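**Student:** dropping a prediction and its sequence here:
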Amino acid sequence: MATYVTQFSEGNKDQKDLLGGKGANLAEMVNMGLPVPPGFTISTEACKAYLRTGEVPPTLRVEVTMALRKTEDTIGRHFGADEEPLLLSVRSGAKFSMPGMMETVLNVGLNDESVKGLATFAKDERFAWDSYRRLIQMFGKTVLGIEGDLFSEALDEIKADAGTTQDTDLTADDHKKVVAAYKQIILEQTGEEFPQDPRDQLDAAIEAVFNSWNTERARLYRRRERIADDLGTAVNVMAMVFGNLGEDSGTGVCFTRDPSTGHGGVYGDYLPNAQGEDVVAGIRNTFPLTKLEELDPTSYAELRAAMRRLETHYRDLCDIEFTIERGKLWMLQTRVGKRTPAAAFRVATQLVDERLITLDEALGRVSGQQLSQLLFPHFDAKSGITALTKGLGASPGAAVGEIVFDNASAIARQKDGKKCILVRRETSPEDLPGMIASVGVLTARGGKTSHAAVVARGMGMCAVVGAEAMKIDTSARTVQVGDTQLGEGDVIAIDGATGEVFVGEVPVVDSPVLTYISEGIDAAEQAVEGDIETLDLIRSVDRLLRYADGVRRLRVRANADTAEDAVRARARGAQGIGLCRTEHQFLGERRKFIEGVILAETPEQRDAALDALIPLQRGDFEELLSAMDGLPTTIRLIDPPLHEFLPDLTELSVQVALADQDGGADEHDKEILAAVQRTHEANPMLGLRGVRLGLKIPGLFALQIRAIAEATVALIEQGRKPKPEIMVPLIGSVRELQIIRDMAEKIIAEVSESSGVALSIPIGCMIELPRAALTSYRIAEEADFFSFGTNDLTQTTWGFSRDDVESGFFAEYLENGVLTISPFETLDALGVGQLVKIGVDGGRRTKPAIHAGVCGEHGGDPESIHFFHNVGLDYVSCSPFRVPIARLEAGRAAV
Ligand code: ADP
Ligand code: MG
Ligand code: MG
């Protein structure tokens, strides 16, 4: 029968779909012979069935009974028995880690009788009653949905009666009072008694964990991390072990390498005499792991050995949750640990050096997204500004923003376009919306493994934690450090690498990795002046990037309009220009020439206006081609609708009307107004632009083609190697391209003949309309190359205006999850991607060697790059800044 429940000893790490990450890894640790409290996992399938029907599958109850009996037999104790009771933890655990987002209930199985049994067994009455009140509180909050404040207020009252503010000062009798008060709260709030039957508790806790998949914050986290909503969570039921049984007990979290810097050597936090969430919640300040070596050398040695085994087994940095119960080590969780971008690069190359992974694998362990984060600026250490205080750098970055103390103000400020930093004593999962709305998070409590730190690292946002000198008063909305008092809205700066906190803005400097990317390894090594860690990081990035270059098939070009951009792109490893937008060359001063072309009344006037542009354009292209000497440079003929070169219709109408009232408008203005009115279109993006404009005013393309040909001749005559390619935008039918091609060939032949210089300039087109993709096999007859303009192709395939995506319904689509990701950011593989595929395949059928690439935002987007690799494109073209990211991702796509 067993379909929903798996004993830890039966599963393994590859069953994350079914057992969730936590369950699969617990099973793996059991298989490895590590000390894991016994238990079992209820699969995600059970959760899915529950969420679908609203009912626990009937067979699940039976399976749980059978699994529970086995657990009891393993330990030799009975669940919830009056003597030596077995207690359980009921833990959520989805396929992808969602730290702290879902629920866990500890100490399940305690009731009025077994609490006495636990007291005798543990020889500690206070501990037993403390555990009981924790259960009632967690159960009340998580399972019964009772407001948590009710419990903390009741606790505060009893503490006041006892004349203390510390939980730890409470006696067993005090805790009995707390238990009575808590039970009363439950009765009042639900009309029912706290369930005394251990099995009822267990069943209710399992259901609560299922339900926690769909809490507001879990949904929010999934949207942000792009985790699918229909995976469901597994439930891990395991025997409780106790870290709160005195000074020879404790609980901790550790990493096999430092997850924030990648520094080799173990790293972690330990808290003696504590249970469960105490470490991550940052409620008490923790000790570094090395302290455990003093406190309990035997357990420490055993833990170190387990860490080494786990790292060898997973061949990656692991994070581990453990508990020590009276000198006995228990492993409660492990997984391949989240890490900062810098740590990702350093650890990957360390593992290669240790011969634990191959370079191919190392490439899989880093991402373009991480590389892009390494390129962000840092605070200038030489600014001379001294830090107000210092915490732990938990997630790197340099964030400057206004202080906020809660979710609501963070969200409100973000709406106003302001940057803010969320300042909290410690964070909890409820703070997620505020963290997302902020550029950084700063806490007074907690270590590098605290909630704020873990979540921030996962999201790639800047975080400083455990800045203990801060006294935060949330009701007064102030934070005090020594004599300095700051309030909501005051600007601070935090450095997530060093942990420093500054008042006001601090100047930022380029990241050393950016220096490496743009100026090369030697310059970067000099710039870091012997900072070993940074040096190591730069070398790691260099090594993996060069390896990616060696294995990738996709070439990487840049979108660059000016010689300056071209130089920058080249320095970053661009192998050509995939898109030079020539329209930028008609703006500013030169706008009047285009006006002349549009206003011309006779063909002669128009030709004269166009001729005036030739030398200017020739100059543009000479500069560009010379910067890209020897590398292919795709120049797109003028693309945008005419109105972009003309004044706004409404504004100009008003201006002319007003001027007329005051005694007559300028004749020139009137002419322009007439032209603007004449060319006005309701839908300019679907109107007279691209090749359509080229066909309507043939002189426009002709002038550009001539300028390109002449610039090429000039450079060849200087002994250079210009490699221009002419690209025609917005082709919908082969006929359009044919006409332009005939014209272009004629002009190129003329220039070649009159100069005596042989010219071979490929002529191709953009594929950016669905019809072009669908008829690419025809278009290929006239094209030497294709370049997929996936911005326009997305716009025209979806029928979404890409100029309006920032606002309106589209933004709501993203918020409501109708779309999980903007198709303008990551290529919509299912729809637009199919057109790309049809486009390439059609083109290659007609012309097997036709060269095909992509230009537009998607060319620099990691996920999209993998798609382009898979459909067999020859290159991607992206902004100069993203060139290294594309190089890395193209390499990752190939291994
Ligand atoms: P999360 O996924 O939020 O980390 P966990 O399921 O790991 O939640 O549970 C939170 C904490 O509860 C753990 O870090 C651990 O300290 C404690 N805990 C869970 N199971 C047990 C257990 N069997 N015995 C003792 N403590 C436990
Ligand atoms: Mg955990
Ligand atoms: Mg376009």
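**Tutor:** Now that the structure is in, tell me what you want to look at. Ligands and ions are numbered 1, 2, ... in the order given.

**Student:** where does the stretch 751-895 of the chain dip in pLDDT?
**Tutor:** Residue ranges of the stretch 751-895 of the chain with pLDDT under 70: 806-807.

**Student:** got phi/psi on the closest residue to ligand 3 within it?
**Tutor:** Distances between the stretch 751-895 of the chain and ligand 3 by C-beta to the ion are smallest at D792, namely 3.6 Å. C-betas here are computed from N, CA, C, even on glycine. Backbone torsions of D792, given as degrees, to the nearest 10, read phi -70, psi -40.

**Student:** measure it to R223 for me?
**Tutor:** Distance from D792 to R223, counting by C-beta to C-beta, to the nearest Å: 28 Å.

**Student:** same thing with P848?
**Tutor:** Counting by C-beta to C-beta, the gap from P848 to R223 is 43 Å.

**Student:** what about the closest residue to G496 other than its chain neighbours, how many neighbours?
**Tutor:** Of all residues not flanking G496 in the chain, C462 sits nearest, at 3.8 Å (C-beta to C-beta, 6 or more residues apart in numbering). By other C-beta atoms under 10 Å, the residues close to C462 number 27.

**Student:** which single residue in the stretch 601-750 of the chain comes nearest to ligand 1?
**Tutor:** M685 (47.9 Å; C-beta to the nearest ligand atom).

**Student:** what does that residue show for phi and psi?
**Tutor:** In terms of degrees, to the nearest 10, the main-chain angles of M685 are phi -70, psi -20.

**Student:** thought it was touching F800?
**Tutor:** No: applying C-beta atoms under 8 Å as the test, M685 and F800 come out as separate, 11.1 Å apart.

**Student:** neighbour count: these two, which is higher?
**Tutor:** Shown here are M685 and F800; by other C-beta under 10 Å, F800 has more neighbours (18 against 14).

**Student:** residues in contact with E651?
**Tutor:** If you count contacts by C-beta atoms under 8 Å, 6 or more residues apart in numbering, E651 has none.

**Student:** settle it for me: which of D792 and R223 has more neighbours?
**Tutor:** The residue with more neighbours, out of D792 and R223, is D792; 22 against 17, by other C-beta under 10 Å.

**Student:** and the closest residue to that one other than its chain neighbours, how far is that from ligand 1?
**Tutor:** Leaving aside its sequence neighbours, D792 sits nearest to E768 (C-beta to C-beta, 6+ apart; 3.8 Å). Per C-beta to the nearest ligand atom, to the nearest Å, E768 is found 46 Å from ligand 1.

**Student:** can you give me the neighbour number for E768?
**Tutor:** 28.

**Student:** what about the longest helix in the chain?
**Tutor:** The longest helix of the chain (DSSP state H) is helix 603-627.

**Student:** which residue is nearest the middle of this protein?
**Tutor:** The centroid of the chain falls nearest to M459 when counting by C-alpha atoms, centre = their mean (5.6 Å).

**Student:** distance check, the residue lying closest to that residue once chain neighbours are set aside against N214.
**Tutor:** Nearest non-adjacent residue to M459, counting by C-beta to C-beta, 6+ apart: R224, 6.7 Å away. Distance, R224 to N214, using C-beta to C-beta: 16 Å.

**Student:** got it, and E533?
**Tutor:** E533 is 42 Å from N214, by C-beta to C-beta.

**Student:** what sits against the residue nearest to the centre of the chain?
**Tutor:** By C-beta under 8 Å, 6+ apart, the residues touching M459 are 224-225, 435-436.

**Student:** residue contacts, the residue in the stretch 301-450 of the chain positioned nearest to ligand 3?
**Tutor:** The stretch 301-450 of the chain approaches ligand 3 most closely through G368 (23.9 Å), counting by C-beta to the ion. Neighbour list for G368: 862, 865, 885-886, 888-889, 892 [criterion: C-beta under 8 Å, 6+ apart].

**Student:** which one of those sits in the busiest neighbourhood?
**Tutor:** Busiest of these [other C-beta under 10 Å] is A886, holding 33 neighbours.

**Student:** please verify my assumption that that one contacts G859.
**Tutor:** Yes: A886 lies in contact with G859 (C-beta under 8 Å); the separation is 6.6 Å.

**Student:** find residues that contact each of these two.
**Tutor:** 865, 876, 878.

**Student:** for the first one, which non-adjacent residue is spatially closest?
**Tutor:** It refers to I865. The shortest distance from I865 to any non-neighbouring residue, by C-beta to C-beta, 6+ apart, is to E889 (4.3 Å).

**Student:** and that neighbour, that one's in a strand?
**Tutor:** No: E889 is assigned helix when assessed by DSSP: H, G, I helix; E, B strand; the rest coil, not a strand.

**Student:** please report phi then psi for V241.
**Tutor:** Dihedral angles (degrees, to the nearest 10) for V241: phi -120, psi 160.

**Student:** run a quick neighbour tally on it.
**Tutor:** Considering only other C-beta under 10 Å, V241 is surrounded by 24 other residues.

**Student:** V509 now?
**Tutor:** 16.

**Student:** residues in contact with it?
**Tutor:** Shown in contact with V509 (C-beta under 8 Å, 6+ apart): 377-381.

**Student:** before we move on, back to that, out of the shared contacts of A886 and G859, which is nearest to ligand 1?
**Tutor:** Out of the shared contacts of A886 and G859, the member with the shortest distance to ligand 1 (by C-beta to the nearest ligand atom) is I865, at 32.6 Å.

**Student:** and that closest one, how close does it get to T634?
**Tutor:** According to C-beta to C-beta, I865 stands 18 Å off from T634.

**Student:** likewise for A94?
**Tutor:** 45 Å.

**Student:** then E717?
**Tutor:** Distance from E717 to T634, by C-beta to C-beta: 23 Å.

**Student:** same question, L703
**Tutor:** Taking C-beta to C-beta, one finds L703 at 18 Å from T634.

**Student:** what strand or helix carries the residue of the stretch 501-650 of the chain found nearest ligand 1?
**Tutor:** Going by C-beta to the nearest ligand atom, ligand 1 is nearest to V501 of the stretch 501-650 of the chain, at 27.5 Å. Using DSSP states H and E, V501 maps to strand 500-503.

**Student:** and that strand, what does it pack against?
**Tutor:** With contacts taken as 3 or more C-beta pairs under 8 Å, 6 or more residues apart in numbering; DSSP states H and E, strand 500-503 sits against strand 389-390, strand 491-495.

**Student:** what residues does the stretch 1-150 of the chain have near ligand 3?
**Tutor:** On the criterion C-beta under 5 Å from the ion, ligand 3 has no neighbours in the stretch 1-150 of the chain.

**Student:** what residues does the stretch 1-150 of the chain put near ligand 1?
**Tutor:** 37, 89, 91, 99-100, 104, 106 (C-beta under 6 Å from any ligand atom).

**Student:** for those, which one is nearest P762?
**Tutor:** Nearest to P762 among these, counting by C-beta to C-beta, is P99 at 52.2 Å.

**Student:** burial check on that closest one, number of neighbours?
**Tutor:** Considering only other C-beta under 10 Å, P99 is surrounded by 17 other residues.

**Student:** swap in the one 10 residues further on?
**Tutor:** G109 is surrounded by 24 other residues when neighbours are defined as other C-beta under 10 Å.

**Student:** before we move on, what about V90?
**Tutor:** Neighbour tally, V90, other C-beta under 10 Å: 29.

**Student:** one more: A160?
**Tutor:** 10.

**Student:** ramachandran angles for it?
**Tutor:** Torsion angles at A160 (phi, psi; degrees, to the nearest 10) stand at phi -60, psi -40.

**Student:** P38 now?
**Tutor:** For P38, the backbone dihedrals are phi -70, psi 160 (criterion: degrees, to the nearest 10).

**Student:** which residue packs closest to it, ignoring adjacent ones?
**Tutor:** Per C-beta to C-beta, 6+ apart, closest to P38 is T74, 4.4 Å.

**Student:** which helix or which strand is home to the one you found?
**Tutor:** helix 58-75.

**Student:** averaged pLDDT, that helix. What do you get?
**Tutor:** For helix 58-75, mean pLDDT rounds to 95.
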